[in-house]
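Asks: predicted model and sequence follow; I will ask about them next.
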Amino acid sequence: IAVCKMVNCGLVTSKNEPVTLKSIEVNLQAQGHVATVSSTLQYVNEEQGPVEALFVFPMPAEAALCHFSAKIADQEVVAEVQEKEKARELYDDSLSSGEQAFLLEESEESVDVFRLSVGCLPPGQSAAVTFVYVTELSVQADHSLRFCLPVVLNPRYSPPGASDGIVSEITPGSAQIPYSLSLTAHLSSPNPIAKVESKCPLKPVEFLNADHTQAKVSLCAGHKFDRDVELFLYYQNTHQPTAIVEAGVPTAQPGSLMGDSVVMLSLYPEFPEAVTSMVSSCGEFVFVMDRSGSMSCEMHNGLNAEERIKSARNTLLLLLKSLPMGCYFNIYGFGSHYESFFPKSVEYSQETMDQVVQRVKQMQADMGGTEILQPLKHIYSQPCIPNHPRQVFIFTDGEVGNTKDVLQLVRSNADSHRCFSFGIGEGASTALITGMAQEGSGHAQFITGADRMQSKVMQSLRYALQPAVTDIAEVWSVPEGMSVTLLSPPVKVLFNGQRALIYAQLKGKVRDFKMLFITALLVGWILIFFLSFSPAMMAMPHMLRCSGGGSLMAMPKMKFRSRMPCMAPMASMLQMAPDLNLDADPLLQLISLQEASGCWKMESTLAQVFGKTIEEVTKQMPAEVEPGIWATVLALIWLHGFKMDAHDEWQFLAIKAVSWIRSRKVANLSECVLAANAVLQCQVKEEALGF
């Protein structure tokens, strides 16, 4: 097993000793679905002599760095773009001449780590480092937008022959944090701002105008940066398409990218129920589980924190229980080596399910390092199963040192699969987790702290199983003398509840105009969006980034990413089986008791979920009703009567149960519903159940 070298994150010496950090000031400008983040970190050299300092910092993988500067004493240096090798030569020459010099480079291993060599820092002198980046905010299961300021970037395992691991904690991780953090967020959106939430204490939201489209919020004074700072932004009318326009830079050459205006169109569709209820039962599901030693760490630093491997193991069991009959599946575990449960994917059935459940429960973090590349190569080498689109679900704490190689592999196989990635625990690499989902046209989830695992899992599974809008055509109607050039790849597919951002350059004189955007569904449903806006309506910063592999020393370019999946997925219904040990959560116990067919058996464990004895629920069963019908109606009534707040987690499960009941052609179904309501003391109407 290769040994990682631990490098502190922040300003460190050439001996990997941290330079004293005094304060962090962060200013967030969130505009719609995009945020501009400006961070300034203040350091002081408290050593007796000068130190040669290196600044290492984490940044979201999907972010675009647009400014970097460093100030030592009264001297300020602003980074400029140069070719990589030339930049290194200039830096070395400056140091040799006794001049101050700074060199910013993207890590060779991962795009969410940057290194800045700041040269010699005299004793007693302070250094201020400022960097600004633009990033897209991720959409959460409750439709909020998430911004995260990471406190740590975990140590990375490097495969044999690779360079050392990159970074450890940005702070010692103790309660005695010797510096302060201030964060202020200014929010603006075409839609009114509903609220802002955080696990960290916030000052009350201050609305800056009458229609609540602009607001300000800050962390409470005295906040200690001992955990990730997460902000969740809630807008009204979340599924309404919006457009934000930025006028061109007046000093830039007319007709150039910076000189022209640009527009960002945000689409976050909500399909009609008639579309989302469409079902099928096909697909190949490959689950890839990180079993490296770091997965034995706890999910967070709070009380009652579970080990990462346990949380990931329970997640995998829930996903396995949710697969449709007739699909195909396989399970891989990886560390320094990898193993698969089956030589190739097998058909999902009660028999194959029984074969893997106990093995999954026994999974431990006992496979050494983290080498995800080889199991992925093996998966992609397997021939695809006709009429069963491949869906790969990857669970990892994101601690790998060859992120770029992994992303390149996923990208090269994007036409044959979709990739859904799960970052487990605090500090999972955004470059790896988000990158795999982007390159694999899937969806990324970060499971941290006390997050409810099941809702996030089911959100990703819904993306894998639902229908999509395809055959999309874009038509832009602009005034005479204007033209539109797309800056992002064409949108090929739109999924229910999954955002798409479209970026375009507006050439010519920008005036008020209308834009027509048309999407057509395979089943004939048509969406038409009419949007009217003016360039004075909103301002959106250009998203700049250095070209790949360069230091902040390569020509800048616009960086826009499309997250649109490239293959039409399927829709399906979910089923569960009765062998999960899910502690005392009644909902999860109920899910674990569902049969593969979609029904429940009338047994004492089911009665316990309802808070009843088996005698109490059976003595009120209507005459001439099968026990399985009675048990399944009771389960559906209980879900609708007591667990509507978790509807997103069990909606497909209920669809499957209703389908099973329909297939039984029950004559006295209305009587069953009335009796079940009486037993459970509910008032759920029959039409609400979908019979």
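Replies: Looks like it arrived, so ask away.

Asks: other residues contacting the longest helix seen in the chain?
Replies: In terms of residue count, the longest helix belonging to the chain (DSSP state H) is helix 647-664. Residues from elsewhere that reach helix 647-664 (CB atoms under 8 Å, 6 or more residues apart in numbering): 141, 277, 279, 322, 454-455, 458-459, 461-462, 465, 572-576, 587, 591, 594, 597-600, 626, 629, 632-633, 635-636, 639-640, 643, 669, 689-691. (Each C-beta comes from the backbone N, C-alpha and C, glycine too.)

Asks: pairing partners for the strand or helix carrying A504, with directions?
Replies: Following DSSP states H and E, one finds A504 within strand 500-507. In the sheet, strand 500-507 lines up against strand 261-267 (antiparallel), strand 483-486 (antiparallel) (DSSP bridges).

Asks: most neighbours per residue, which of these?
Replies: strand 261-267 (a mean of 23; mean count of other CB atoms under 10 Å).

Asks: show me how far that one is from its chain's centre.
Replies: Here the centre of strand 261-267 is set off from its chain's centre by 22 Å, with CA atoms, centre = their mean, to the nearest Å.

Asks: returning to that earlier point: nearest to P389, of the strands paired with strand 500-507?
Replies: strand 261-267 (23.0 Å; CB to CB).

Asks: the closest one - what's its average pLDDT?
Replies: Mean pLDDT, strand 261-267: 86.

Asks: what's the answer for stretch 298-310, then?
Replies: 79.

Asks: distance to L432 added to the strands paired with strand 500-507, as TSV?
Replies: Output for the strands paired with strand 500-507, formatted as TSV (distance: least, CB to CB, whole Å):
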stretch	distance to L432
strand 261-267	26
strand 483-486	28
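
Asks: G435 is nearest to which of those strands?
Replies: Across those, closest to G435 is strand 261-267 (CB to CB), at 21.3 Å.

Asks: figure out which of the strands paired with strand 500-507 is closest to A607.
Replies: Of all those, strand 261-267 comes closest under CB to CB, at 46.5 Å.

Asks: A431 is in contact with A444, correct?
Replies: No: A444 lies out of contact with A431 (CB atoms under 8 Å); the separation is 10.9 Å.

Asks: domain assignment for the protein?
Replies: Per the record, the chain has its domains at 10-235, 242-275+469-541, 282-466, 586-689, by automatic domain parsing.

Asks: any idea which of these is most buried?
Replies: domain 282-466 (a mean of 20).

Asks: how long is that one end to end?
Replies: In domain 282-466, first residue to last residue: 12 Å (CA to CA, to the nearest Å).

Asks: bridged to the nearest residue to I385 once chain neighbours are set aside, which residues?
Replies: With sequence-adjacent residues excluded and distances taken as CB to CB, 6 or more residues apart in numbering, I385 is closest to E284, at 5.1 Å. Per DSSP bridges, the residues bridged to E284 are Y328, R390.

Asks: quick one: contacts of stretch 338-357?
Replies: So stretch 338-357 is contacted by 284-286, 317, 320-321, 323-333, 359, 367, 371, 374-375, 378, 382, 385, 577, 579, 596 (CB under 8 Å, 6+ apart).

Asks: let's see that with 6 Å instead.
Replies: 284, 323, 327-333, 374-375, 382, 579, 596 (CB atoms under 6 Å, 6 or more residues apart in numbering).

Asks: ok, back up a step: lowest-confidence stretch among the domains of the chain?
Replies: Minimum mean pLDDT among the domains of the chain: domain 242-275+469-541, a mean of 68.

Asks: stretch 319-327 spans what distance, first to last residue?
Replies: Terminal residues of stretch 319-327 are spaced 13 Å apart (CA to CA).

Asks: same question but for stretch 594-602, I mixed them up
Replies: 11 Å.

Asks: which residues touch it?
Replies: For stretch 594-602, with CB under 6 Å, 6+ apart as the criterion, the contacting residues are 350, 575-576, 593, 606, 627-628, 631-632, 635, 656-657, 660.

Asks: looking at the residues you listed, which are in strands?
Replies: The strands, defined by DSSP state E, take in nothing from the contacts of stretch 594-602.

Asks: which among those gets closest to G302?
Replies: Nearest member of the contacts of stretch 594-602 to G302, counting by CB to CB, is M576, at 29.4 Å.

Asks: related to what we said a few turns ago, so for I614, which of the strands paired with strand 500-507 sits nearest?
Replies: Per CB to CB, nearest to I614 of these: strand 261-267, 50.6 Å.

Asks: output the closest one as CSV, restricted to C-alpha atoms.
Replies: Extracted in CSV, the C-alpha atoms of strand 261-267 (Å, rounded to 0.1, in the frame of the first residue of the first chain):
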residue,chain,number,x,y,z
SER,A,261,-23.6,40.3,-23.8
VAL,A,262,-24.2,36.8,-22.5
VAL,A,263,-27.3,35.1,-21.2
MET,A,264,-27.9,32.2,-18.8
LEU,A,265,-31.2,30.3,-19.1
SER,A,266,-32.1,28.1,-16.2
LEU,A,267,-34.5,25.2,-16.8
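
Asks: the longest helix of the chain: what's the following helix or strand?
Replies: Defined by DSSP H and E, the subsequent element after helix 647-664 is helix 669-680.

Asks: quick one on the thing from earlier: contacts for the strand holding A504, please.
Replies: Residues contacting strand 500-507 (CB under 6 Å, 6+ apart): 260-267, 483-488, 491, 494, 560, 564.

Asks: next one: it to chain centre, how far?
Replies: Once both centres are worked out by CA atoms, centre = their mean, strand 500-507 turns out to sit 23 Å from its chain's centre.

Asks: can I get that strand as CSV, trimmed to CA atoms?
Replies: Provided in CSV are the C-alpha atoms of strand 500-507 (Å, rounded to 0.1, in the frame of the first residue of the first chain):
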residue,chain,number,x,y,z
ALA,A,500,-30.2,22.4,-17.1
LEU,A,501,-28.3,25.7,-17.6
ILE,A,502,-27.9,27.1,-21.1
TYR,A,503,-25.4,29.8,-21.9
ALA,A,504,-25.4,31.9,-25.0
GLN,A,505,-23.6,34.9,-26.5
LEU,A,506,-25.7,37.7,-27.8
LYS,A,507,-24.1,39.4,-30.8
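
Asks: who's in contact with H239?
Replies: 268, 270.

Asks: same thing but at 7 Å, please
Replies: 268-270 (CB atoms under 7 Å, 6 or more residues apart in numbering).

Asks: one more: S336?
Replies: 1, 367-369, 371.

Asks: now tabulate these in TSV and tack on secondary structure and distance to E307.
Replies: Converted to TSV, those look like this (DSSP: H, G, I helix; E, B strand; the rest coil; distance: CB to CB, whole Å):
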residue	secondary structure	distance to E307
I1	coil	20
M367	coil	15
G368	coil	17
G369	coil	18
E371	coil	21
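
Asks: which one of the contacts of stretch 594-602 sits closest to V217?
Replies: M576 (40.5 Å).
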